[in-house]
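# below are the sequence and a predicted model for it; my questions follow.
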Amino acid sequence: MSGTSLDGITVAIVELSGEGWNKQVKTLAHATTPYPKPVREAILAVSNTNTHTSQIGLLHFLLPELYARAVKRLCATAKIPCNKLDLVGCHGQTILHIGTPTRAFGRKLTCTLQIGDGSVLAERLGVPVVSDFRPRDMAAGGQGAPLVPYVDYLLFRDKKRGRVALNIGGIANVTAIAANARPEDIVAFDTGPGNMVMDQLVFKLTRGLRSYDRNGASARQGTVSRWLLRILLRDPYYRKAPPKSAGREEYGEQFVQHILSTRLAKEDLLATATALTASTIALGIKKHILPHMPVDDLIVSGGGARNAFLMQLIGEELPGVRVVNSSEFGVDSDAKEALAFAILASETWAGSASNLPSATGAAHPVVLGKISPGPPKK
């Protein structure tokens, strides 16, 4: 998994057993390899912007080389030979995602683009690869996101407790799982920014010396600008009913420059950006989930789970809800999304649908992704 925060490549080696909703999941090892700075800058330069096709094409073939190296490194560390892997799931790097139909060429179209060619990765590892998960859901009328709710339901459903799985990557997304819910009952959506705005601000304010606010320490020293937060919360997206999805198109360079133009103190900017993430997560839960089900547990994963100040703000916004790290359920918060795409890949390999139409808005369940076979049998 390499997400919209561009913090690196997360690899999880996962052992799966059983079938369907009785599948058992065990994480054997996981690690994150940071992107080299020139690669990170090159990805940003082709993300939702005017660029040259050669830059996209070169990155499309470079990234699987980096993915393969990251997998091999983790296999060596965990002492698991690469030839013992049965299958690799690779989300790829999103450089464009338009989940809501937009008019182009006389038609209303949605589109998504994840780079990182599966054939190259399969060749380097000698293992079949499933990649490019989102387009099939979009072809069926969905937004192609979020896809992780299938895994959230598998991992966190409970007969008695209402739960919301919250992943805070570059974008924050939630999966609402009512007590004793069926898969078709699941509600899931992107709430808005996760770490993306905070990370971009830190990078710009430190002139590239830091890429994130460790534990929210700098934000904690600041004061939230209530007038700026009110302005940012006016975005109609936050009140729009799901299904809905967001990305760098909404929270990229232009959004961050707007915040920087206020000329607030560095710590106040970071405090306000952190409060925006907490407030939009809480708003999404209050407006689109709590009217339909009680929430006993908020299960948090992703890089944002390590931001102590952000976790504090979310807890304050949602009194009466138990906020817990996904590690309490045996799912390491840093490995959650990589683990999810391992599971989704296994469903694709089995020919099983793994989108949840109630979450993405698709007309029907579909088998996700494209398969790049491993070496031919001798």
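Perfect, I can see it now.

# how about G252, nearest residue that isn't a chain neighbour?
Nearest non-adjacent residue to G252, counting by Cβ to Cβ, 6 or more residues apart in numbering: N48, 5.8 Å away. C-beta coordinates here come from the backbone N, C-alpha and C atoms, glycine included.

# what segments of the stretch 251-378 of the chain are helices?
Secondary structure of the stretch 251-378 of the chain (DSSP state H, counting those that start in this stretch): helices located at 253-260, 266-288, 308-317, 336-349, 357-360.

# for H258, the count of nearby residues, please.
Under the neighbour criterion other Cβ atoms under 10 Å, H258 is assigned a count of 12.

# tell me how far it lies from A273.
12 Å (Cβ to Cβ, to the nearest Å).

# coming back round to it: state the phi and psi torsions of the residue nearest to G252.
The phi/psi pair for N48 (degrees, to the nearest 10) reads phi 50, psi 50.

# the lengthiest helix in the chain: how far from the chain's middle?
Under DSSP state H, the helix in the chain containing the largest number of residues is helix 53-78. Chain-centre distance of helix 53-78: 19 Å, with Cα atoms, centre = their mean, to the nearest Å.

# how about stretch 137-149?
Worked out by Cα atoms, centre = their mean, stretch 137-149 lies 13 Å from the chain centre.

# who's in contact with L264?
225, 228, 272 (Cβ atoms under 8 Å, 6 or more residues apart in numbering).

# for the first one, the count of nearby residues, please.
This points to S225. When neighbours are counted by other Cβ under 10 Å, S225 registers 20.

# what is the burial count for L260?
L260 has 14 nearby residues by other Cβ under 10 Å.

# same question for P183.
P183 is flanked by 17 other residues according to other Cβ under 10 Å.

# my guess is it contacts N355. True?
No. Between P183 and N355 there is no contact under Cβ atoms under 8 Å: 10.5 Å.

# shared neighbours, the two?
In contact with both P183 and N355: Y150, using Cβ under 8 Å, 6+ apart.

# related to what we said a few turns ago, who does the longest helix of the chain touch, helix- and strand-wise?
strand 9-17, strand 24-33, helix 37-46, strand 88-90, strand 93-104, strand 107-115, helix 118-125 (3 or more Cβ pairs under 8 Å, 6 or more residues apart in numbering; DSSP states H and E).

# and the ones you listed, which is most packed in?
For the helices and strands packed on helix 53-78, average neighbour numbers computed from mean count of other Cβ atoms under 10 Å are highest in strand 88-90, which has a mean of 27.

# given that one, what are its sheet partners and their directions?
If you go by DSSP bridges, strand 88-90 pairs up with strand 129-131 (parallel).

# now for the helix or strand that the partner strand is followed by, which elements pack on it?
Using DSSP states H and E, the helix or strand that follows strand 129-131 in sequence is helix 134-139. If contacts are counted by 3+ Cβ pairs under 8 Å, 6+ apart, helix 134-139 sits against strand 107-115.

# quick one: contacts of the strand it packs on?
Against strand 107-115 from outside (Cβ under 8 Å, 6+ apart): 56, 59-60, 63, 91-103, 131-135, 138, 143-144.

# how near is E317 to L283?
8 Å.

# cool, and L155?
Distance of L155 to L283, given as Cβ to Cβ: 25 Å.

# higher neighbour count, those two?
L155 (23 against 16).

# so that one touches V25, yeah?
Yes. Look at L155 against V25 with Cβ under 8 Å: they come within range, at 6.8 Å.

# which secondary structure element of the protein has the lowest mean pLDDT?
helix 248-251 (a mean of 89; mean pLDDT, DSSP states H and E).

# okay, buried residues for that one please.
Neighbour-count burial for helix 248-251, counted by 16 or more other Cβ atoms under 10 Å, picks out 248, 250-251.

# is it true that A12 touches D334?
No. Using Cβ under 8 Å, A12 is not in contact with D334, being 9.1 Å away.

# so what's the gap between the least confident helix or strand of the chain and the chain middle?
14 Å.

# quick one: contacts of it?
4, 47-48, 94, 96-98, 170-171, 192-193, 196-197, 237.

# quote the end-to-end distance of stretch 215-233.
End-to-end distance of stretch 215-233 (Cα to Cα, to the nearest Å): 24 Å.

# can you check stretch 161-172 too?
22 Å.

# in this protein, where is pLDDT below threshold?
Along the chain, the model assigns pLDDT under 70 to no residue.

# now with 90?
Low-confidence segments of the chain, defined by pLDDT under 90, span residues 3-7, 19-20, 48-49, 100, 208-209, 211, 246-249, 252, 375-378.

# the domain parsing of it - what is it?
9-144+334-372, 149-329 (automatic domain parsing).
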